[in-house]
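Chemist: Give the three-dimensional model of this entry:
(4 chains)
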Protein chains: 4
Amino acid sequence: MRVGFVGLGRMGLPMARNLARAGHEVAAYNRTRSRAEALAEAGGRAADTPAAAADGAEVVVTMLADDAAVEAVTLGEDGILGALRPGAVHLGMSTVGVALSRRLAEAHRRAGQGYVAAPVFGRPEAAEGAKLWVVAAGAPEAVDRCEPVFDAVGQGMFRVGEEPEKASVVKLAGNFMLAGMIEALGEAMALGRKHGVEAPKLLEVLTSTLFNLPVYRNYGGMIAEGRFEPAGFALRLGLKDVRLVLDAADEAAVPMPLASLAHDHFLSGVARGWGELDWAGMGRVIAENAGLEP
Amino acid sequence: MRVGFVGLGRMGLPMARNLARAGHEVAAYNRTRSRAEALAEAGGRAADTPAAAADGAEVVVTMLADDAAVEAVTLGEDGILGALRPGAVHLGMSTVGVALSRRLAEAHRRAGQGYVAAPVFGRPEAAEGAKLWVVAAGAPEAVDRCEPVFDAVGQGMFRVGEEPEKASVVKLAGNFMLAGMIEALGEAMALGRKHGVEAPKLLEVLTSTLFNLPVYRNYGGMIAEGRFEPAGFALRLGLKDVRLVLDAADEAAVPMPLASLAHDHFLSGVARGWGELDWAGMGRVIAENAGLEP
Amino acid sequence: MRVGFVGLGRMGLPMARNLARAGHEVAAYNRTRSRAEALAEAGGRAADTPAAAADGAEVVVTMLADDAAVEAVTLGEDGILGALRPGAVHLGMSTVGVALSRRLAEAHRRAGQGYVAAPVFGRPEAAEGAKLWVVAAGAPEAVDRCEPVFDAVGQGMFRVGEEPEKASVVKLAGNFMLAGMIEALGEAMALGRKHGVEAPKLLEVLTSTLFNLPVYRNYGGMIAEGRFEPAGFALRLGLKDVRLVLDAADEAAVPMPLASLAHDHFLSGVARGWGELDWAGMGRVIAENAGLEP
Amino acid sequence: MRVGFVGLGRMGLPMARNLARAGHEVAAYNRTRSRAEALAEAGGRAADTPAAAADGAEVVVTMLADDAAVEAVTLGEDGILGALRPGAVHLGMSTVGVALSRRLAEAHRRAGQGYVAAPVFGRPEAAEGAKLWVVAAGAPEAVDRCEPVFDAVGQGMFRVGEEPEKASVVKLAGNFMLAGMIEALGEAMALGRKHGVEAPKLLEVLTSTLFNLPVYRNYGGMIAEGRFEPAGFALRLGLKDVRLVLDAADEAAVPMPLASLAHDHFLSGVARGWGELDWAGMGRVIAENAGLEP
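Modeler: Numbering: from 1, shown residues only, chains lettered A, B, ... in the order given. Predicted coordinates:
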């Protein structure tokens, strides 16, 4: 299949590479062109603009850092919207806000194009190993059309509705749950430490019993060791995602006090200069608030 | 081994039965005597008072609903403290506060007796199946002495320190983590529902991917279905445990805003008359606050 | 002075009338034209568009409900920006967000026009009586130019800086303080009621001693009596303002947990269908959360 | 009138002195006897024990730092309960918890004595000037009996019910409102500072308009200047009072999220070593959380 790909960051590059390796004809655009050229060894080729990546594609994937970037490559100059042929599909795999999902769906609908939102769960290593989890929403036939992409990058796919924004809601809900988990781990370990229970010991008990799960071990381990670099997912990006959660909550009139709490702790992390730490660095905010040394 | 057992509730009775079946000589006291007699078929015998249960025992286990009950059977009239022989051990397996753990340890120390705190993770079914997880703290030789009990009721044991209160801290931290998880699930599902994502669908995605864990499926399922009866663990008991968490946090000067939030939601549940629902009923509080029908 | 006026709502109409009565030549635009005509008796005249109101004016005042409205009349078709003569001043008296204040300042600067932000404290009755408090920020000479307007509508004026957004910050801080006061009153009265202390009695004590202030008596009285209609300031507008506060906090990396809390309570009010009640209706949310009847 | 007085701290000593100056016969007990002797110049005399202060008194006043102290002087050895004659009244003017008020009322009732709770609003300077506000609850005739005391120490008195605990509820509600005000001031000034609005300027606007009240100027001024010493009321005492508020809320099933928030901020202040600063030092916690220098 002819696939366009826009955004070759830490997630996008391995995904595009897996697409090329699976035999798809991939034309990829990245702001920094060298990363697009890195795709060549896997059989892909660099495109000069988002429009060039979309031109002639059946599906064009976007995988970018934030709403503004997705909006720019889609609706901006030399963007996807103007180049995608009728009937082809824009497959948005970035984590974006609910409102933007809705706007993009509407813009593509008017242009006779399809729009599918399909954000993913998984870190860069999962992207490398084609082990992402995909959460897709859109018109059924458009989602069907994207199946070869999902097969090439993921280990499983969930359809959560016909309106693309629903996939954004599910993805944001998942990220919110992770933020809530980090908050809980941070508070539990601060409590333990101040009562003389070593954080690694507490974590061992928790993750050997009720919370026997990689995400608990991963984030819990960072907090227990106070090691937040290198960042798997930066705290300032965690803040951005919680903002999107709160925006979605606000729109639908859903009080989410835990999201507000996580927001305030991430924001405090940024205020203390820790925006580039891993988002588990929220645990450092919580520890300092308890008078603990990092 | 000669074991005393005080408190034959939904957790205590199966635990005492497993002790008797493992060949220990069990003398058990319960306020409602009929439950103590129910132990007979497994080979145990009923005792008339906590003191009678403790008399002659190497280890006397307490497994009761709250701090007041543990205090009464230990320090009250016909209590354990006055009857336990020097060198024998009081093994407190209830979830109690940090301050009470400390007081009991001190009282037994003065009486030349041992005190081990060893609260457990697991529901009544796990108690039936001898699949509890035990978190123990106390003087090493006293903990050693209790090993036969741990073998008979649990699937694994963790030693978390020499001061009994540390086991209480770990247990409370675990229950706090569960309360935080329920809070997160409740908010996520309210967000989903108001954006048109069915709660069971959202839960399926979450628990098939990042949160593939029985506790998420169990509590998430209750919230998704709005089914909070029969209660596995009553909301008013969840409130009690979060109070103990906040007391421990207060004593050690650890701000725990998520614990405060869970406290306020449990309290609102009690205020709405839902104290006897399962503590996952916190999800109903969150849903109503978002204007959703139960 | 020749003054344009855009926005003749519950606040704007009496302000424009006071300007006309003070001898200024007022041309006013309102979406619903009849309100502009109502100005005639005081000596003003109706303008057909924001541009027409601005045309020839030394100062054009905007007094509108939200950011979108201010943006539309300023930057939209037939807007102020295109019609205001160089050197004249746009005097924004609405409560708007920090980001919009900054954008408007920049747009007018480029057009060789002045921009002063001067939101006001006071309810419609204070606007009638020319008793508003004005908080102004902008280039000193531009603020000077607006003094006749301030004299005609207010009882006092504060200069808080040269960047217009600073006036927005101060106004939002004030509204946040009011929201925090309502939250505190709501919780205090719920506590009192459930302990058998009648709300009016509690309020009498508080407002006769430490909190002897009209705003406490006003909002406290509404909560004590459970009377939230007619709304002096609607709950959904309170929500909007707290959103602006949180946006400003987010931009500057300032955790504001009390603002988050007020946001969640206002949002719950909207979710329960109380968006048109007075914003003191937050007290009803708090009371219901405590299991109290309205 | 023959008056006993127990507790000659920063509040108690000037109150007892005013009683003596008003012509009452005052016998006062204080743990540090020198303060009791300081009363001599005003005409009072020192008592060796609480019992001695109560012996022969019509009314015995307690004015102490916390629940434990009040409990000790009343129910402990050489305490008030054993020495007060039938029909005489214990007038508790300390800020104590609701549960203790109820217990003391019951204990005195059984002993045929009266108990009136009458905590006060006001700082040490108000105590010096006999300008306290008194909030009294108890049996009407017992409250009547205490009127001469109220006249000697206060500028006004409110009766809030026949159960003494109601006065404790009202007093705690007032202190909670102050804590909420400090929280609001702290957040507002942190917001202002990070947007370039000087805290004194912001405070001037707020206290000249909507919040024209001594408590706002007082606490706001401390926060604006970052000057929290000497403490008028120590942060650790603020924490204690918020704990009593939360206990009362817990007992009556009233979620008080603002009280929880204030609790967490005071607790963080104690964790950072600021327990002896004025409780307005909560503003420093808020500022540090926003990355601001003190």
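Chemist: which SS class is A:Ala28?
Modeler: Applying DSSP: H, G, I helix; E, B strand; the rest coil to A:Ala28 yields a three-state assignment of strand.
Chemist: residue ranges for the helices of chain A, please.
Modeler: Applying DSSP state H to chain A gives helices spanning A:12-21, A:33-37, A:50-54, A:67-75, A:80-83, A:98-110, A:124-128, A:140-153, A:164-194, A:199-208, A:214-225, A:235-252, A:257-271, A:282-289.
Chemist: between these, which gets nearest to chain C?
Modeler: In terms of CB to the nearest CB, the element of those nearest to chain C is helix A:257-271, at 3.8 Å. C-beta coordinates here come from the backbone N, C-alpha and C atoms, glycine included.
Chemist: Name the stretch from the helices of chain A where average model confidence is lowest.
Modeler: The minimum mean pLDDT among these belongs to helix A:33-37 (a mean of 88).
Chemist: So which bits of that one are buried?
Modeler: Neighbour-count burial for helix A:33-37, counted by 16 or more other CB atoms under 10 Å in any protein chain shown, picks out A:35-36.
Chemist: Make a markdown table out of the helices of chain A and add distance to chain C.
Modeler: Rendered in a markdown table, the data for those read as follows (distance: least, CB to the nearest CB, whole Å):
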| stretch | distance to chain C |
| --- | --- |
| helix A:12-21 | 27 |
| helix A:33-37 | 30 |
| helix A:50-54 | 27 |
| helix A:67-75 | 14 |
| helix A:80-83 | 24 |
| helix A:98-110 | 14 |
| helix A:124-128 | 27 |
| helix A:140-153 | 31 |
| helix A:164-194 | 13 |
| helix A:199-208 | 24 |
| helix A:214-225 | 19 |
| helix A:235-252 | 7 |
| helix A:257-271 | 4 |
| helix A:282-289 | 9 |
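Chemist: Is A:Asn175 in contact with A:Pro119, as I believe?
Modeler: No: counting by CB atoms under 8 Å, A:Asn175 stays clear of A:Pro119, with 9.2 Å between them.
Chemist: what do these two both touch?
Modeler: Each of A:Thr95 lies in contact with both A:Asn175 and A:Pro119 under the rule CB atoms under 8 Å, 6 or more residues apart in numbering or on different chains.
Chemist: Outline the domain layout of chain A.
Modeler: Residue ranges for the domains of chain A, per automatic domain parsing: A:2-161, A:169-289.
Chemist: The first one vs chain B: in contact?
Modeler: Yes: under the criterion of CB under 8 Å from any CB of the partner chain, domain A:2-161 makes contact with chain B via A:98, A:121, A:133, A:135, A:156, A:158, A:160-161.
Chemist: Can you get me a residue count around A:Glu106?
Modeler: Using other CB atoms under 10 Å in any protein chain shown, the number of residues around A:Glu106 comes to 12.
Chemist: That one and A:Ala126, how far apart?
Modeler: Noted for A:Glu106: a distance of 31 Å to A:Ala126, by CB to CB, to the nearest Å.
Chemist: residues touching the closest residue to chain D within the stretch 101-250 of chain A, list them.
Modeler: The stretch 101-250 of chain A approaches chain D most closely through A:Lys194 (8.2 Å), counting by CB to the nearest CB. By CB under 8 Å, 6+ apart, the contact set of A:Lys194 is A:290, A:292, B:252-254.
Chemist: out of those residues, which are buried?
Modeler: Of the contacts of A:Lys194, these count as buried by 16+ other CB under 10 Å: A:290, A:292, B:252-254.
Chemist: Among those residues, which one sits closest to chain D?
Modeler: Distance to chain D across the buried ones among the contacts of A:Lys194 (CB to the nearest CB) is lowest for B:Ala253, with 4.0 Å.
Chemist: For that closest one, which non-adjacent residue is closest in space?
Modeler: Nearest residue to B:Ala253 in three dimensions, chain neighbours excluded: D:Ala271, at 4.0 Å (CB to CB, 6 or more residues apart in numbering or on different chains).
Chemist: just A:Ala173 next, same as before
Modeler: Among residues not flanking A:Ala173 along the chain, B:Ala188 sits closest, at 4.2 Å (CB to CB, 6+ apart).
Chemist: Hmm, A:Leu178 and the one you found touching each other?
Modeler: No: if you go by CB under 8 Å, B:Ala188 and A:Leu178 don't touch, sitting 10.7 Å apart.
Chemist: more neighbours, those two?
Modeler: Ranked by neighbour count (other CB under 10 Å), B:Ala188 and A:Leu178 place B:Ala188 first, with 34 against 21.
Chemist: quick one, what contacts the more buried one?
Modeler: Neighbouring residues of B:Ala188 by CB under 8 Å, 6+ apart: A:173-174, A:176-177, B:202, B:206.
Chemist: same thing with A:Ala249?
Modeler: By CB under 8 Å, 6+ apart, A:Ala249 lies in contact with A:255-256, A:259, B:191, C:267.
Chemist: residue contacts, the closest residue to A:Asn175 other than its chain neighbours?
Modeler: Excluding its sequence neighbours, the residue lying closest to A:Asn175 (CB to CB, 6+ apart) is A:Asp241, at 4.7 Å. Residues counted as contacts of A:Asp241 (CB under 8 Å, 6+ apart) are A:95, A:172, A:175-176, A:179.
Chemist: swap the cut-off to 7 Å and go again
Modeler: Contact analysis of A:Asp241 by CB atoms under 7 Å, 6 or more residues apart in numbering or on different chains lists A:95, A:172, A:175.
Chemist: hang on, isn't the second one packed against A:Leu244?
Modeler: Spelled out, that is A:Leu172. Yes: when contacts are counted by CB atoms under 7 Å, A:Leu172 is listed as touching A:Leu244 (5.6 Å).
Chemist: For A:Leu178, see how far away A:Asn218 is.
Modeler: Shown here: A:Asn218 relative to A:Leu178, a distance of 10 Å by CB to CB.
Chemist: ok, residues contacting stretch A:275-285?
Modeler: A:182-183, A:185-186, A:189, A:219, A:222-223, A:226, A:228-229, A:231-238, A:265-266, A:268-269, A:274, A:294.
Chemist: can you check stretch A:137-149 too?
Modeler: By CB under 7 Å, 6+ apart, the residues outside stretch A:137-149 that reach it are A:1, A:3, A:19, A:24, A:58-59, A:61, A:89, A:91, A:114-118, A:136, A:159-164, A:166-167.
Chemist: go on, stretch A:153-166?
Modeler: A:15, A:18-19, A:98, A:101-102, A:105, A:115-117, A:120, A:130-140, A:143, A:150, A:167, A:170, B:195-197, B:201, B:205.
Chemist: Which single residue of the stretch 1-150 of chain A ends up nearest chain B?
Modeler: Counting by CB to the nearest CB, the stretch 1-150 of chain A gets nearest chain B through A:Trp133, at 4.2 Å.
Chemist: do you know how far that residue is from A:Leu8?
Modeler: 21 Å.
Chemist: Looking at those two now, which is surrounded by more residues?
Modeler: The neighbour comparison of A:Trp133 against A:Leu8 (other CB under 10 Å) goes to A:Leu8, with 28 against 21.
Chemist: for that one, what are its contacts?
Modeler: Going by CB under 7 Å, 6+ apart, A:Leu8 touches A:16, A:28, A:30, A:35-36, A:39.
Chemist: what number of residues lie near the closest residue to A:Ala179 other than its chain neighbours?
Modeler: Counting by CB to CB, 6+ apart, A:Ala179 lies nearest to A:Ala262, which is 4.2 Å off, once chain neighbours are set aside. Look at A:Ala262: counted by other CB under 10 Å, it has 30 neighbours.
Chemist: Can you name the residues of chain A sitting close to chain D?
Modeler: Neighbours of chain D within chain A, by CB under 7 Å from any CB of the partner chain: A:268, A:271-272, A:289-291.
Chemist: what about 8 Å?
Modeler: Proximity of chain A to chain D, by CB under 8 Å from any CB, involves residues A:257, A:268, A:271-273, A:289-292.
Chemist: For the helices of chain A, give me TSV that also has distance to C:Pro50.
Modeler: Formatted as TSV, the helices of chain A follow (distance: least, CB to CB, whole Å):
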stretch	distance to C:Pro50
helix A:12-21	45
helix A:33-37	46
helix A:50-54	37
helix A:67-75	28
helix A:80-83	32
helix A:98-110	27
helix A:124-128	51
helix A:140-153	43
helix A:164-194	34
helix A:199-208	61
helix A:214-225	52
helix A:235-252	29
helix A:257-271	37
helix A:282-289	46
